[in-house]
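Engineer: Okay, here's the prediction I keep looking at, along with the sequence it came from:
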Amino acid sequence: QLQLVESGGGLVQPGGSLRLSCALSGSTLSYHAIGWFRQAPGKEREGVSCINVSDGSTRYVESVKGRFTISRDNARNTVYLQMNSLQPDDAAVYYCAADPDLYCDGNPQEHDFTSWGQGTQVSVSS
């Protein structure tokens, strides 16, 4: 059974950076699409980015393009989300999700992903 564990969240000042990690166990990373989502208090969960591990192609929601970078390390079975120029609107619980059959070719959609991590909190405040 696939398990995902996020880490790397924390408190950062506006303009700062964080790198989130999503470690997968129980399945080979090569056959998954991995997505990052976030949910702020009182808001719906939003797809942020996704990567197709088989070919490395990536997608980003418009609000994070140029600031966030998703990447993968197949040897470590880990996917990363590098977040730069963080703003208060980026504050949320960030989740990674995976699906073995999905090819992510647009903004990641929550209903397309079958396995989820528990989330990591990102806070942006001065």
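Structural biologist: Structure received.

Engineer: The protein: strands as residue ranges?
Structural biologist: 3-7, 10-12, 18-25, 33-39, 46-52, 58-60, 68-73, 78-83, 92-99, 115-116, 120-124 (DSSP state E).

Engineer: got a list of what Asp55 touches?
Structural biologist: Contact analysis of Asp55 by C-beta atoms under 8 Å, 6 or more residues apart in numbering lists nothing. Every C-beta, even on glycine, is put in place using the N, C-alpha and C of the backbone.

Engineer: how near is Phe113 to Cys96?
Structural biologist: The spacing between Phe113 and Cys96, counted by C-beta to C-beta, to the nearest Å, is 9 Å.

Engineer: the more surrounded of those two?
Structural biologist: More neighbours surround Cys96 than the other of Phe113 and Cys96, with 31 against 23 (other C-beta atoms under 10 Å).

Engineer: Report the beta-bridge partners for the more buried one.
Structural biologist: Residues in a beta bridge with Cys96, per DSSP bridges, are Trp36.

Engineer: pretty sure it is touching Ala33, no?
Structural biologist: No - taking C-beta atoms under 8 Å as the definition, Cys96 is not a contact partner of Ala33, at 11.1 Å.

Engineer: what residues are up against Asp112?
Structural biologist: Residues in contact with Asp112 (C-beta under 8 Å, 6+ apart) are Ala33, Gly35, Asp99, Leu102, Cys104.
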